[in-house]
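Asks: Predicted coordinates and the sequence they were generated for:
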Amino acid sequence: MRVAIIGQQAFGKSVLEAFLARGTTVAGVFCAPEKPGARPDPLRVTAEERGTPVFQLPSLKDEQAVRILTELEVDLGIMAFVVQHAPQAFVTIPKHGTIQYHPSLLPRYRGPSSINWPIIKGDTQTGLTIFRPTDGLDEGPIILQKTVPIGPDDTLGTVYFDRLFPLGVEALLKAADLVVAGRHQEAAQREELATYEGWCRDPESRINWQAHVDQIYDLIRGCNPSPGAWTTVQGRKLRIYDVVRHRTRTFRTVPGKPGVVCAVGADSLEVAAQGGRLELRTVRLEAGAKAGAGALAAELRLAVGAPLES
């Protein structure tokens with residue numbers, strides 16, 4: 001098998017290494033140019049170290065991209081975490097076309113933050129899809145899917161790095177074998193079940209302390225480690241990462257006004273919410289480093305009754 005890999009970052013690197021490890025010829029790697037001052041792309045660095053040709057093109061939509069992929073004469077294109085739009089004129093060049101990885105159970109959660117949103121919305125499962133890329137966003141026919149659970153204490157980090165990342169690499173290897181051997185099946189996505197979610201960034205990750213404790217808890221874990229759910233304290237942005245949820249059983253045990261500190265300990269601080277309280281363990285203040293919430297509370301002299309603002 002002779003393939004081209006289109007992708008970036010750690011996932012693209014792992015996909016490259018997996019194909020090379022089993023003796024597949026990787027004729028070339030396409031990855032987006034790095035922005036000035038950005039960390040080196042692990043996919044680019046690894047490809048160069050392994051002697052694989054690297055093409056960092058500003059666009060995959062122009063004649064240069066089409067010409068390069070045509071000249072590589074590959075059997076299959078492998079799209080692994082792609083941020084550039086790849087048109088049909090590009091993805092249909094390989095002998096057996098191109099396959100793409102998406103970390104959700106398509107057609108649900110089409111879009112760029114498809115791992116965050118199932119957790120934020122309280123879903124109990126998600127998964128991954130290998131599909132044929134089309135000009136529509138995550139709309140192509142499905143080749144392979146795998147389902148993974150979302151536990152009540154899972155975060156974006158655990159769901160992705162422990163499950164969707166390694167299973168995604170394995171799924172691309174399996175799908176590539178099926179497609180090149182002509183043993184795969186393609187199923188059209190059911191548009192009536194389709195959902196689309198945009199980016200999960202600062203506007204979406206801001207905490208509303210008037211929401212129920214479960215909703216706030218799901219937001220925090222769905223944004224951990226990125227972008228980090230946030231609130232403000234003393235006029236400064238505070239991102240919250242590790243947190244423990246404590247539900248109240250009766251109305252009489254409501255710990256206090258939502259968004260107000262109701263307990264401070266050596267390692268944590270607790271904030272009241274509708275239906276319970278949240279015990280903050282790891283936080284980060286503005287551009288600083290992550291720290292224990294108890295230590296930060298001592299530094300800021302936060303006491304019971306201090307408000308966190310929505």
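Replies: That came in fine, so what should we check first? Numbers count the residues shown, from 1 in each chain.
Asks: Restrict the helix or strand hosting residue 219 to CA atoms and write it as PDB.
Replies: Here residue 219 sits within helix 213-222, counting by DSSP states H and E. Included here for helix 213-222 are C-alpha records, laid out as PDB according to Å, rounded to 0.1, in the frame of the first residue of the first chain:
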ATOM      1  CA  VAL A 213     -24.800  22.100  39.300                       C
ATOM      2  CA  ASP A 214     -24.900  19.200  36.800                       C
ATOM      3  CA  GLN A 215     -24.800  21.600  33.800                       C
ATOM      4  CA  ILE A 216     -21.800  23.500  35.200                       C
ATOM      5  CA  TYR A 217     -20.000  20.300  36.100                       C
ATOM      6  CA  ASP A 218     -20.500  18.900  32.500                       C
ATOM      7  CA  LEU A 219     -19.200  22.200  31.100                       C
ATOM      8  CA  ILE A 220     -16.100  22.100  33.200                       C
ATOM      9  CA  ARG A 221     -15.200  18.500  32.400                       C
ATOM     10  CA  GLY A 222     -16.100  19.000  28.700                       C
END
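Asks: What is that helix packed up against?
Replies: The elements that helix 213-222 packs onto, with contact taken as 3 or more Cβ pairs under 8 Å, 6 or more residues apart in numbering; DSSP states H and E, are helix 116-120, strand 229-233, strand 243-247, strand 276-280. Using the backbone N, CA and C atoms, a C-beta is placed for each residue, glycine as well.
Asks: Throw those into JSON lines and include distance to residue 148, mean pLDDT and mean neighbour count, thanks.
Replies: As requested, the helices and strands packed on helix 213-222 are exported to JSON lines (distance: least, Cβ to Cβ, whole Å; pLDDT from 0 to 100; neighbours: other Cβ atoms under 10 Å):
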{"stretch": "helix 116-120", "distance to residue 148": "10", "mean pLDDT": "98", "mean neighbour count": "24"}
{"stretch": "strand 229-233", "distance to residue 148": "22", "mean pLDDT": "98", "mean neighbour count": "20"}
{"stretch": "strand 243-247", "distance to residue 148": "22", "mean pLDDT": "96", "mean neighbour count": "17"}
{"stretch": "strand 276-280", "distance to residue 148": "26", "mean pLDDT": "97", "mean neighbour count": "23"}
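Asks: The ones you listed: which one's closest to residue 200?
Replies: With Cβ to Cβ, the closest approach to residue 200 among the helices and strands packed on helix 213-222 belongs to helix 116-120: 4.0 Å.
Asks: Return the list of helices and strands in contact with that closest one.
Replies: In terms of contact count using 3+ Cβ pairs under 8 Å, 6+ apart, helix 116-120 is assigned the packing partners strand 125-131, helix 156-159, helix 213-222.
Asks: Of these, which is nearest residue 101?
Replies: Go through those one by one with Cβ to Cβ and the one that ends up closest to residue 101 is strand 125-131, at 6.0 Å.
Asks: Go through the chain and flag its longest helix.
Replies: Longest helix in the chain by number of residues (criterion: DSSP state H): helix 165-180.
Asks: so for that one, what's the average pLDDT?
Replies: Helix 165-180 shows an average pLDDT of 98 in the prediction.
Asks: Right, I'll call it a day here.
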